[in-house]
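>>> Model the following, please.
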Amino acid sequence: MKLSKHKRIIMEMCKICSNKREQEKVLCSSCQSLIEDLDFDTFNAERKWLEELFVGRFNNFLVVFSLIVTAGFANNLENWKYLVFYFGAILLSFCWLPLVRAYHKYDNAVKILLTLKEFKGKPNQIGIMQELYGKRKNNIFKNFTISRWLAFYIPITCVVFLIIVGLGINLCIIK
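From the prediction side, this is the model:
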């Protein structure tokens, strides 16, 4: 009984602000009215800014990862070298959080741009993108987008790499 109640609560939340919404609508009335007031040029500029923020945070993530790997292999602490990789994995996990936040903001902006709003007078500018998004929505590879790779798959691989190298050094497999 609790599970059905929980599902009903989740289904009644707005997809953008997580406030309560009407059952038959995807968004709450305040988010819907804000989206209806958007013009294409302003919203597209906002999407570009969010995309640059997301890519910038991903680049910072990769810089931190490369510094941790360099520090781990370049230090002279033979007995404590593995701790650099363990601490680096923890630090990199904290650097991952702002990247995920930027991804969710960017992803919401793209969803609004491509599915939730019809920009009258600008159909040629986003028509092709909306068509590709619609095709991808029904595709088997719908979760394998470049932004998803940058936000989840590559950072997980980097953190796991640091943990595996730390374990390899700790178990004397890697020197």
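
>>> where in the chain is pLDDT low?
Low-confidence segments of the chain, defined by pLDDT under 70: 1-27, 31, 34-40, 114-143.

>>> Look at Ile146 and say how many residues are nearby.
Close neighbours of Ile146, defined as other Cβ atoms under 10 Å, add up to 7. For the C-beta atoms, the positions are set from N, CA and C on the backbone; glycine is no exception.

>>> now swap in Glu52 and tell me
Glu52: 12 neighbours (other Cβ under 10 Å).

>>> Could you number the chain from 664 rather than 1 from now on?
Sounds good: first residue 664 from here, last item Glu715.

>>> which other helices and strands contact the helix or strand containing it?
Following DSSP states H and E, one finds Glu715 within helix 703-737. Judged by 3 or more Cβ pairs under 8 Å, 6 or more residues apart in numbering; DSSP states H and E, helix 703-737 is in contact with helix 744-774, helix 786-800, helix 817-833.

>>> May I see the buried residues of that helix?
706-707, 710, 713-714, 716-717, 720-721, 724, 727-728, 731-732, 735 (16 or more other Cβ atoms under 10 Å).

>>> Stretch 755-774 too?
Buried-residue list, stretch 755-774, by 16+ other Cβ under 10 Å: 755, 758-759, 762, 765-766, 768-773.

>>> just stretch 814-834 next, same as before
Neighbour counts over stretch 814-834 (16+ other Cβ under 10 Å) mark 814, 817-818, 821-822, 824-826, 828-829, 832 as buried.

>>> Would you reformat these as a markdown table and include distance to Phe748?
Formatted as a markdown table, these follow (distance: Cβ to Cβ, whole Å):
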| residue | distance to Phe748 |
| --- | --- |
| Ala814 | 23 |
| Ile817 | 18 |
| Pro818 | 16 |
| Cys821 | 11 |
| Val822 | 10 |
| Phe824 | 9 |
| Leu825 | 5 |
| Ile826 | 7 |
| Val828 | 5 |
| Gly829 | 3 |
| Ile832 | 7 |
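
>>> Please identify which two of the residues you listed are farthest apart in space.
Ala814 and Ile832 (28.7 Å; Cβ to Cβ).

>>> Including distance to Ser810, could the helices and strands packed on helix 703-737 go into CSV?
CSV is the format used below for the helices and strands packed on helix 703-737 (distance: least, Cβ to Cβ, whole Å):
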stretch, distance to Ser810
helix 744-774, 6
helix 786-800, 12
helix 817-833, 11
